[in-house]
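Participant: Need a 3D model of the sequence below.
(2 chains)
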Number of protein chains: 2
Amino acid sequence: MRIAELARTCGVSTPTIKYYIREGLLPAGRLTSSNQARYTEGHVHRLRLIRALVELGGLSVAKVRAIVTVLDGEADPPPSGRPTARTDALEVLAAAAPQEGPLAILAADPRTLALVGALAERRGWHAPADGPEVARVVEILDTLGDLDQHHFADRIDAYADAAERAAAADAELLRSPTGGTGPAERLVVAAVLGDQLLSALRRLARTTGTAGAGG
Amino acid sequence: MRIAELARTCGVSTPTIKYYIREGLLPAGRLTSSNQARYTEGHVHRLRLIRALVELGGLSVAKVRAIVTVLDGEADPPPSGRPTARTDALEVLAAAAPQEGPLAILAADPRTLALVGALAERRGWHAPADGPEVARVVEILDTLGDLDQHHFADRIDAYADAAERAAAADAELLRSPTGGTGPAERLVVAAVLGDQLLSALRRLARTTGTAGAGG
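Facilitator: Residues are numbered from 1 along each chain as shown, chains lettered A, B, ... in the order given. Sure, this is the predicted structure:
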């Protein structure tokens, strides 16, 4: 199809498509003349993925580029010694996740670190104490504390219950039979849009009883 | 305090502080000479709030401006006939929420609309069928469907369980005694950082058993 049809099919403007191609998010079409190119169903799917990650997931163009780079690696025919699909999936998830490093842990309040460490032990979570998963929770709780909202830390188990249910749903979902989508793409969509879905449902669920008090 | 101390206290650079003042996110300091201004603890708190919403919450500067405009209205002495704190809180939450309007509903797949309507009825949620809460869930599910990930819709109740738990934790939290923070600020922090906390805990909870498979 031509670029105008690609634009219509995906509800994305032609200049935006050209921008994604320039930024390396979307492969260029196959040139059929000096100023015309053809696009395939593969472009439709990729463009939908980009829009989902940017528009709904709120990811930056740089983050989406990192993700599609890993996804494109997955799609290549496997040369000997290349990483497994599982390694790819972890790489792509790391590219999608908020960046928190050892610095966040060094700057953290030791009491918050202890609180999250105790939570993880109580729950049987196996994340490394200096890993990005712990760092992110610690950073958010410390920020809430700086804003005089210590009650989140006091009620952390209620949120941990909710998070565990969501994680169990994720695990079940990733075991369910897949369509044509590769495992890395599936994981990253589940991670990014799953967050958005959970957030949207939480807002919807808050309309229970106190109608209109959602947020 | 001077701007350099404000910068040090909050871990934000001086140019960034000046940018926030220019953009109307942070009130200017009190001028003590033609090129020096003094800042207060109120600035420290506001700057921390801005950083939390921008850095952790991923909100745009425009969205944060809309939020602090409502918050500043709340802080003013109440003239007769002004909206109640509750109206302010709803306004500020609307400013913080992803923008979904009637258009999203019009463009939606009718089957997804029916699915979300049935879910809300089953759960006793009272959001209007054409409101932004429903629109957001519908849009995310439709996007997942476009990406061949229909299994989210099939397992929507598992995510709804998790979301209900989180919403219950929110409700309890908002009933707990407050510090010096106004109700509108409290609600918006709970909405924005609560999402981030839930997402971070979900990632952490996913390290159960399958160590290192979080996302």
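
Participant: switch to C-alpha atoms for all contacts and neighbour counts from now on
Facilitator: Noted.

Participant: what about residue A:184, how many neighbours?
Facilitator: 24 (other CA atoms under 10 Å in any protein chain shown).

Participant: I'd assumed residue A:69 was in contact with it.
Facilitator: No: if you go by CA atoms under 8 Å, residue A:184 and residue A:69 don't touch, sitting 11.3 Å apart.

Participant: Quick check, central residue of chain A?
Facilitator: residue A:192 (2.7 Å; CA atoms, centre = their mean).

Participant: which ones are touching the closest residue in space to that one that isn't next to it in sequence?
Facilitator: The shortest distance from residue A:192 to any non-neighbouring residue, by CA to CA, 6 or more residues apart in numbering or on different chains, is to residue A:57 (5.7 Å). Contact partners of residue A:57, counting by CA atoms under 8 Å, 6 or more residues apart in numbering or on different chains, are A:192-193, A:196.

Participant: Sort out which of those are in helices and list them.
Facilitator: Counting by DSSP state H, the contacts of residue A:57 place A:192-193, A:196 in helices.

Participant: quick one: low-confidence parts of chain A?
Facilitator: A:74-104, A:177-180, A:209-215 (pLDDT under 70).

Participant: Go again with 50.
Facilitator: Applying pLDDT under 50 to chain A flags residues A:77-78, A:81-83, A:210-215.

Participant: which residues in it form helices?
Facilitator: According to DSSP H, the helices that chain A contains are A:3-10, A:14-22, A:41-51, A:61-75, A:85-96, A:102-106, A:110-123, A:132-146, A:151-154, A:156-175, A:183-205.

Participant: Show me the one of those helices that comes nearest residue B:26.
Facilitator: helix A:132-146 (17.3 Å; CA to CA).

Participant: what about that closest one, near chain B?
Facilitator: Yes: counting by CA under 8 Å from any CA of the partner chain, contacts between helix A:132-146 and chain B involve A:133-134, A:136-137, A:140-141, A:143-144, A:146.

Participant: For the residues you listed, give me a markdown table that also has neighbour count and distance to residue A:203.
Facilitator: Formatted as a markdown table, the residues of helix A:132-146 next to chain B follow (neighbours: other CA atoms under 10 Å in any protein chain shown; distance: CA to CA, whole Å):
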| residue | neighbour count | distance to residue A:203 |
| --- | --- | --- |
| A:133 | 27 | 24 |
| A:134 | 24 | 25 |
| A:136 | 26 | 22 |
| A:137 | 24 | 21 |
| A:140 | 22 | 19 |
| A:141 | 27 | 21 |
| A:143 | 20 | 22 |
| A:144 | 23 | 20 |
| A:146 | 16 | 25 |
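
Participant: Give me the buried positions along stretch A:114-129.
Facilitator: Neighbour counts over stretch A:114-129 (16 or more other CA atoms under 10 Å in any protein chain shown) mark A:116-117, A:120, A:125-128 as buried.

Participant: try stretch A:24-31
Facilitator: Applying 16+ other CA under 10 Å to stretch A:24-31 flags A:24-29 as buried.

Participant: got it, and stretch A:45-54?
Facilitator: A:46-53.

Participant: Intersect the residues you listed with the contacts of chain B.
Facilitator: A:48-49, A:52.

Participant: Relative to residue B:153, how far out is residue A:175?
Facilitator: Distance, residue A:175 to residue B:153, by CA to CA, to the nearest Å: 15 Å.

Participant: Tell me which of these two has more neighbours.
Facilitator: With neighbours defined as other CA under 10 Å, residue A:175 and residue B:153 compare such that residue B:153 has more, 18 against 8.

Participant: ok, that one touching residue B:141?
Facilitator: Yes: Residue B:153 lies in contact with residue B:141 (CA under 8 Å); the separation is 6.4 Å.

Participant: what about the helices of chain A, which gets the closest to residue B:3?
Facilitator: Nearest to residue B:3, of all the helices of chain A, is helix A:132-146, at 19.2 Å by CA to CA.

Participant: Okay, angle between that closest one and helix B:3-10 too, please.
Facilitator: With axes from the mean of the first three to the mean of the last three CA atoms, to 10 degrees applied, the angle from helix A:132-146 to helix B:3-10 works out at 130 degrees.

Participant: Distance from helix A:132-146 to the middle of the chain?
Facilitator: 18 Å (CA atoms, centre = their mean, to the nearest Å).
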